[in-house]
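Visitor: I need the structure of the sequence given here:
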Amino acid sequence: MHDVDGKAIGERNVALVEKLQTFDAVVIAGQAKSHCVAWTIDDLLTPALGRTGLAEKVYLLEDCTSPVVVP
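Guide: Numbering: from 1, shown residues only. Modelled structure (predicted):
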């Protein structure tokens, strides 16, 4: 993850992804569907981490989300 200038502002938490693989379901919830929620899903399902099997377990709780417009 990088800021607008290309500077790294975070990295994927591989240990967390490995832990999430042990669960039957992973529910993602959050307000900013177009940003934070989208980035979380991208981090969880990125090919860089290899085949995690999480895609079949991830559910998005959309009742709590909305797109956020950034000027």
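
Visitor: which residue is nearest the centroid of the chain?
Guide: T40 (1.5 Å; Cα atoms, centre = their mean).

Visitor: Nearest residue to it in space, please, no chain neighbours.
Guide: Spatial nearest neighbour of T40, excluding adjacent residues (Cβ to Cβ, 6 or more residues apart in numbering): I28 at 5.8 Å. Heads up, the C-betas are built off the backbone N, CA and C, glycines and all.

Visitor: okay, the one you found: pLDDT?
Guide: For I28, the model assigns a pLDDT of 90.

Visitor: cool, and R51?
Guide: R51 is given a pLDDT of 61.

Visitor: Can you classify the residue nearest to the centre of the chain by secondary structure?
Guide: helix (DSSP: H, G, I helix; E, B strand; the rest coil).

Visitor: Make 151 the starting number, not 1.
Guide: Got it, first residue is 151 now, which makes that one T190.

Visitor: which parts of stretch 186-193 are buried?
Guide: V187, A188, T190, I191, D193 (16 or more other Cβ atoms under 10 Å).

Visitor: ok, the residue nearest to A182 when sequence neighbours are not counted - contacts?
Guide: With Cβ to Cβ, 6+ apart as the criterion, A182 has its nearest non-adjacent residue at 4.4 Å, and that residue is V218. V218 is in contact with Q181, A182, K183, S184, H185, counting by Cβ atoms under 8 Å, 6 or more residues apart in numbering.

Visitor: separation between V218 and D155?
Guide: 21 Å (Cβ to Cβ, to the nearest Å).

Visitor: V176 now?
Guide: Here V176 is placed at a distance of 32 Å from D155 (Cβ to Cβ).

Visitor: quick one, which of those two is more surrounded?
Guide: Legend: neighbour count by other Cβ atoms under 10 Å for V176 and D155, higher for V176 (16 against 6).

Visitor: Next, give phi and psi for Q171.
Guide: Q171 adopts backbone torsions of phi -60, psi -20, taken as degrees, to the nearest 10.

Visitor: Run a quick neighbour tally on it.
Guide: Neighbours of Q171 using other Cβ under 10 Å come to 14.

Visitor: Could you measure from it over to C186?
Guide: Q171 is 22 Å from C186, by Cβ to Cβ.
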